[in-house]
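>>> Got a sequence here, can you model it:
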Amino acid sequence: MASRIEDYGLIGNLRTGALVSKAGSIDWLCAPRFDSKACFAALVGYDEHGRWSLEPASPVRSRRQRYRGDTLVLETDVTCDEGAYRLIEFMPPGERTDIVRIVEGVEGEVPLQMVLCARFDYGLNRPWATRTADGFSLVAGPDALLIRGPVEMRQTDRGIEADLRLRARDRLPLTLTWYQSHLAEPSAVDSHAELERCERFWSEWIARCTYQGKWREAVVRSLLTLKALTYEPTGAIVAAPTLGLPEEIGGVRNWDYRFCWLRDASLILHALMIGGYVDEATAFRDWVLRAAAGDPKDLQIMYDVTGARRLTELELSWLPGYEDSRPVRSGNAAHDQFQLDVYGETLSAIARARQLGLKRHPAAIRSAQELITHIADVWQRPDDGIWEVRGGRKHFTYSKVMAWVAIDRAVQLLELEPEGTIDLALLSRCRALRVRIHEEVCARGFHAGLNAFTQYYGSEALDASALLIPHSGFLPPHDPRVRSTVKAIESTLMRDGFVIRYDTRHQIDGLPGSEGAFLACSFWLADNYAMVGRLEDAEALMERLLSLRTPLGLLSEEYDPIRRRLIGNFPQGFSHLALIMSAQILSNAQAEAGGPAAIRRRELTT
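The predicted model follows:
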């Protein structure tokens, strides 16, 4: 069966990505574009659904996995009875899709067995294997793989196998190359030269990082992860490279996250600019504008990395799911939902780009004006909400807050236009609408009896999205209504010190079961602490969240406080975005307070 989610590392080439387990198995590889041509799927099934393993024949005493410096080159040190070896794994950046595995002997003489069980289309299709001069080719419909290496390979019922004996100072390269089957076979790569190039690429990229605040190591690894989730040809950044990893072990909340959400847009822009990555931020801003182009009523909450809209959801019934979590879904039906907050996120991203100093895009104002007119028509309608619930539309409070954000940012954009070019009538309508939305949310979204903003109008249920109210500028963090909402969330939505999105017992999402603590929401709570001067609480929660990272510094979407495991799709861009933002917010709050909380405590006691 698949390893624990925590035991995987991510490698990628800015076109696609693969997950590598500490146990020596590559269990997930998507074809370029993170689309429906998955070559391996052991993370959503069992071994027979695809993996590329490299394991010693004798019992393992220890394994230690790490990234080589600030790169996406993975190293795994393995010690077993016969000796020790090191496994180096990476994907060279570029248009090709190659996985390179270099096995180095460290001491003794270690017998290893390689098994490549290749399956296409989520484990459904077995490829046709043909021997080549230095390995095998495997073809199934439009997809093909080439496995190469200086070892004797054979075809068996399990796939392509090879037996290796690795002595100290031996250095054995193995490569796996994906390509379109109707094209000529790609040439072999120089593994050692590509290793140097790959390491240099990532080292030089992260050397451009300008962030120097506290928790820099965590921020740097998060930025590297966001870069790895980037589809370089278009600038889009996927939420995660995986599908089907459950929000509850054995449950039904198993979604496909290999798409780009407009909801993440403003956060992504800000996070990239925190790191000083102007080119990447500009490329992503341009992708957002292309995706949002057209009639505003057709705006989707998510797109694929090219901006394509059709993300049809299918259940992959032949897969048993990660630890029996079924059904496994490809595609995401939420793309067709009406989510009011996405307009706020889109206009916030456009405005954020201007604030951060990105070069003005000629289509930005036109897109903003078209969105304004549409928002004025739809903001009073119920929607499906930020969490993409499938239990019916409501007047979600956060959605209305983001409608206010959309109009507020539109006002900011219009006010930045050169004098004489502003549509004064439109600006006046926006200012009036901004006031109207604000008044309604404060009147209908705030529950006087609970002394908190609730999940939707008339509800007594709480929702962690209310923690974003001060982030959005809707109300300041010191506002009594914000502070009392934070207090209510602390007493209602906390699990083992972390925050859940909402109480699933209310069945607002129309699904059985429950889910874990949502890591981004927990970062938002730390932000709220910092904004009101609760620096010790903010630091303590931040450190607890950082302790949930894998040894490689990666985070999934959620955390199961009972099993004490990471759950949900992995690695999750939204979690890493929230980490970067919290690091900046907390660092700024500490600076404004005169230094870290520890210094403040000492000062208060003297």
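
>>> remind me which residues of the chain are low pLDDT?
Applying pLDDT under 70 to the chain flags residues 1-2, 31-48, 420, 507, 595-606.

>>> okay, now the domains of it?
5-186, 208-604 (automatic domain parsing).

>>> and residue 200, which of these is closest to it?
Of all the domains of the chain, domain 5-186 sits nearest to residue 200, with 8.8 Å by CB to CB. Backbone N, C-alpha and C define where each C-beta goes, glycine included.

>>> related to what we said a few turns ago, just tell me which of the domains of the chain ends up closest to residue 197.
Using CB to CB, the domains of the chain put domain 5-186 closest to residue 197, at 6.4 Å.

>>> For the closest one, measure first residue to last.
32 Å (CA to CA, to the nearest Å).

>>> in stretch 310-328, what's buried?
For stretch 310-328, burial by neighbour count (16 or more other CB atoms under 10 Å) applies to 311, 316, 319, 320, 321, 322, 323, 325, 326, 328.

>>> er, stretch 447-454 actually
447, 450, 452, 453, 454.

>>> Okay, strands next: where are they in the stretch 151-300 of the chain?
With DSSP state E, counting those that start in this stretch as the criterion, the stretch 151-300 of the chain has strands at 153-155, 160-167, 171-180, 230-231, 236-237, 260-261.

>>> Any chance of TSV for those, columns mean neighbour count?
Shown next, in TSV, are the strands of the stretch 151-300 of the chain (neighbours: other CB atoms under 10 Å):
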stretch	mean neighbour count
strand 153-155	15
strand 160-167	18
strand 171-180	20
strand 230-231	22
strand 236-237	25
strand 260-261	28
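
>>> pull the longest strand from this protein.
strand 97-117 (DSSP state E).

>>> list the helices and strands that one packs on?
Applying 3 or more CB pairs under 8 Å, 6 or more residues apart in numbering; DSSP states H and E, we find strand 97-117 packed against strand 25-29, strand 51-56, strand 83-90, strand 160-167, strand 171-180, helix 191-207.

>>> got these as TSV, with distance to residue 430 columns?
Output for the helices and strands packed on strand 97-117, formatted as TSV (distance: least, CB to CB, whole Å):
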stretch	distance to residue 430
strand 25-29	46
strand 51-56	55
strand 83-90	50
strand 160-167	62
strand 171-180	49
helix 191-207	40
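
>>> Residue 393 is nearest to which of the ones you listed?
Per CB to CB, nearest to residue 393 of these: strand 25-29, 34.5 Å.

>>> Provide the strand pairings for the closest one, with the direction of each partner.
Counting by DSSP bridges, the strands paired with strand 25-29 are strand 17-21 (antiparallel), strand 40-41 (antiparallel), strand 51-56 (antiparallel).

>>> winner for burial among these?
Mean neighbour count, computed with mean count of other CB atoms under 10 Å, is highest for strand 40-41 among these, reaching a mean of 28.

>>> now the helix or strand following the longest strand of the chain, how far from the chain's geometric center?
From strand 97-117 onward toward the C-terminus, using DSSP states H and E, the following helix or strand is strand 128-132. In terms of CA atoms, centre = their mean, to the nearest Å, the centre of strand 128-132 is found 36 Å from the chain centre.

>>> Contacts for strand 128-132 next, please.
136, 137, 138, 139, 140, 146, 148, 153, 155, 159, 160, 185 (CB atoms under 8 Å, 6 or more residues apart in numbering).

>>> Closest one to residue 172 out of the residues you listed, please.
Using CB to CB, the contacts of strand 128-132 come closest to residue 172 at residue 148, 11.7 Å.

>>> For the closest one, which residues are in contact?
Counting by CB under 8 Å, 6+ apart, residue 148 has contacts 132, 134, 135, 174, 175, 176, 177, 188.

>>> cool, residue 232 as well?
So residue 232 contacts 14, 15 (CB under 8 Å, 6+ apart).
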